[in-house]
Structure formats: C-alpha cells, structure tokens
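Turn this into a model:
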Amino acid sequence: MSVNDGVRLDGARVQHRGRGRGTIIGGGMGVTGIIIALVWYIVTGTPPPAALSQGGSAQGSSAQQSTTSDFADKCRTGADANASTECFMVAIAQSLDTFWEGELPRSARTSYELPGFALFSEGVSTGCGNASSQVGPFYCPADRTVYLDTTFFDELETSFGAENTTLVQAYVVAHEFGHHIQNLTGVFERINPRDTGPDSSQVRSELQADCYAGLWLHHAASTVDPASGIPILQAPTREQLASAIDAAVAIGDDHIQESAGMDVNPEKFSHGSSAQRMDALTTGYETGDFNACNTWR
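Numbers count the residues shown, from 1 in each chain. Purely as a prediction, here's the structure:
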C-alpha cells in the first residue's frame with residue numbers, strides 16, 4: 001500500500017516517546033494494571049509478566065524522564081511516507097482521521113475525536129501504566145492514545161509468520177484506532193476482562209476492531225487529503241490484501257496457542273480464532289458498511 005506523493009503530511013500528528021523506564025509499584029492489580037495485562041494477553045495469548053500486571057507509577061532509582069517529540073520536520077509529503085515507516089504511520093493516521101471524521105457522525109451519530117498516536121522504543125509511560133515493547137501495539141482508553149513500537153512489525157513476521165507489508169502495518173494501526181471508535185461509542189463498557197471464549201465480550205470487541213479496520217480499508221483509496229485534494233492512499237493490490245488477511249490469521253488465538261505448543265482451547269480465546277479474525281476483516285472490507293461491524297448482536 002503506497003501513499004500518493006503529492007499528499008501533505010502533518011508530522012506533528014504522531015508523537016515519538018523517548019525511552020522511559022521505571023519500577024512499577026503498587027500493592028495489587030488496579031484498573032490501569034488490568035488494562036495493560038489485558039492488552040498483553042490479547043496480543044500474545046499468554047499471561048503477562050509480573051512487571052506489566054501491577055498498577056502504579058514509575059518511581060525509584062531506575063526511573064528516567066521520558067521525552068516527547070514529533071515528526072514535523074521529517075514527514076511532510078507522501079513521498080516521505082513511502083520512504084519512512086514513521087512517516088507512513090503519519091499518513092495512515094491522517095487517512096484514518098479523515099475517514100472517521102465523516103463516517104462516525106454519519107453512521108453512529110457520534111463526533112470523532114482524534115486519538116493520540118505515539119511511537120516508542122523499548123518502553124513507555126501511559127495513562128494505563130508503564131509498558132514495554134513486549135506488550136505489542138495497544139490502545140489506552142485512559143489517555144485515548146494508540147501506542148506502537150514499530151519493531152513489532154518485524155516481530156509479527158519472525159514470531160507469527162505474517163508478512164511485513166505496508167498494508168499489514170496499516171491494518172495493525174487501523175485495528176487500534178478501531179478500539180478508539182469503540183471508546184467513543186461506549187462499547188468499552190460492555191467488555192468484561194474475565195470473559196473469555198469465542199463468543200465472549202473480549203472476542204467481540206477484537207473482532208469489531210478488525211472489522212472497523214476492514215471498513216476503513218474499503219474506503220481508504222477514496223479518502224481525500226483535504227490539504228491537497230487528492231486521495232491519501234493508493235488502492236491495495238491483491239497481494240497486499242492477501243498479506244493483511246494472512247496477518248489476521250497469524251494472530252488468531254488458535255494459531256498462537258498452536259505456535260506455543262499448546263492444545264487449542266476455545267474457552268481461553270480472548271481475541272478470536274484465525275477464522276473469526278479473517279472473517280471480521282473481510283466483512284468490513286467487502287461490505288464497506290459500518291453496521292456490518294456490529295459484533296454484539
């Protein structure tokens with residue numbers, strides 16, 4: 001998936017968070033710790049490390065101040081996006097923002113509010129607690145921000161067997177933005193973190209985010225950059241579409257369990273089987289219909 005060269009990028013749309021370490025403290029798992037632990041389990045299908053499952057703040061001698069910057073000087077055009085992963089993230093965010101600014105009021109009678117989008121390396125401090133790159137991409141509802149270490153794309157290929165294409169990268173980001181849409185529309189209130197299984201609230205949430213990613217992808221090539229008047233993205237090729245579907249399959253619960261040498265246990269599913277995730281993504285893409293992504297019926 002490529003960005004049209006003439007598109008104008010606002011590099012300030014995406015932040016870069018510098019490395020922020022700290023000792024996570026707290027007497028038990030608070031709400032923020034639960035969120036981080038839930039994200040870990042959703043992405044990996046395994047229990048989170050103890051350091052990620054405890055709420056609290058970064059304190060102690062190992063604490064370091066994190067730094068924040070953006071990509072305003074680096075990411076200015078579509079050509080920049082085609083040459084740099086960070087600038088491609090800016091272009092995808094702009095496309096998602098433009099699409100949802102029109103789609104959400106029209107289909108859900110809800111105003112779209114831009115989520116934060118932060119790229120980080122190794123570790124980051126968030127409104128949901130401290131997280132390391134091992135957590136993978138995640139959306140924090142407390143500060144309404146998507147967090148991503150771009151090395152995850154390589155990990156997706158080496159650990160999960162998914163091809164690292166630009167469309168796969170776009171799918172990952174669009175999925176996390178889908179969780180922001182759920183936050184804006186009140187869907188998060190339906191999720192029970194203890195609820196697992198193929199029909200659980202956790203799985204329904206993940207499948208809806210996959211469907212929203214497909215919905216955006218359906219409209220991506222016709223989503224126009226307001227500044228330049230041209231579409232932000234070029235239409236994906238068949239091969240690129242196949243890579244996104246393969247990625248959805250690769251991060252299915254059953255595939256992850258099998259890859260870890262475990263027996264497939266549907267009752268432990270937290271984000272859907274490979275077949276469920278593939279179906280959700282293709283439903284959004286093929287229908288282009290917001291209402292088709294209602295996984296709560």
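
shaky segments in the stretch 151-297 of the chain?
Filtered on pLDDT under 70, the stretch 151-297 of the chain yields no residues whatsoever.

Strands of that one, start to end?
With DSSP state E, counting those that start in this stretch as the criterion, the stretch 151-297 of the chain has no strands.

Please enumerate the helices of the stretch 101-250 of the chain.
Assigned by DSSP state H, counting those that start in this stretch, the stretch 101-250 of the chain shows helices spanning 152-160, 166-185, 201-220, 238-250.

Of all those helices, which one comes closest to Y285?
Among the helices of the stretch 101-250 of the chain, the nearest to Y285 by Cβ to Cβ is helix 201-220 (3.7 Å). (Each C-beta comes from the backbone N, C-alpha and C, glycine too.)

Quick one: work out the angle between the closest one and helix 238-250.
Orientation check (axes from the mean of the first three to the mean of the last three Cα atoms, to 10 degrees): helix 201-220 against helix 238-250 gives 170 degrees.

from the chain's centre, how far out does helix 201-220 sit?
Per Cα atoms, centre = their mean, to the nearest Å, the displacement of helix 201-220 from the mean C-alpha position of its chain is 10 Å.

Report how many residues lie close to A280.
A total of 27 residues lie near A280 under the criterion other Cβ atoms under 10 Å.

Revised request: answer the last question for I245.
For I245, the count of nearby residues is 22 (other Cβ under 10 Å).

do F71 as well
22.

dump the residue contacts of it.
Applying Cβ atoms under 8 Å, 6 or more residues apart in numbering, one finds that F71 lies in contact with G11, A12, V14, H16, E86, C87, V90.

Can you tell me which of those are buried?
Buried by 16 or more other Cβ atoms under 10 Å: G11, V14, E86, C87, V90, out of the contacts of F71.

Distance check, M262 against D253.
To D253, M262 is 10 Å away according to Cβ to Cβ, to the nearest Å.

Ok, which of the helices of the stretch 101-250 of the chain comes nearest Y112?
Set against Y112 and scored by Cβ to Cβ, the helices of the stretch 101-250 of the chain come closest in helix 166-185, at 7.0 Å.

Okay, buried residues for the closest one please.
Buried residues in helix 166-185 (16+ other Cβ under 10 Å): 166-184.

quick one on the thing from earlier: out of the contacts of F71, name the ones that lie in strands.
For the contacts of F71, membership in strands holds for H16, with DSSP state E as the criterion.

would you turn the contacts of F71 into JSON lines with pLDDT and distance to D80?
Listed next are the contacts of F71 as JSON lines, based on pLDDT from 0 to 100; distance: Cβ to Cβ, whole Å:
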{"residue": "G11", "pLDDT": "95", "distance to D80": "8"}
{"residue": "A12", "pLDDT": "95", "distance to D80": "14"}
{"residue": "V14", "pLDDT": "96", "distance to D80": "12"}
{"residue": "H16", "pLDDT": "93", "distance to D80": "15"}
{"residue": "E86", "pLDDT": "96", "distance to D80": "9"}
{"residue": "C87", "pLDDT": "97", "distance to D80": "4"}
{"residue": "V90", "pLDDT": "98", "distance to D80": "8"}
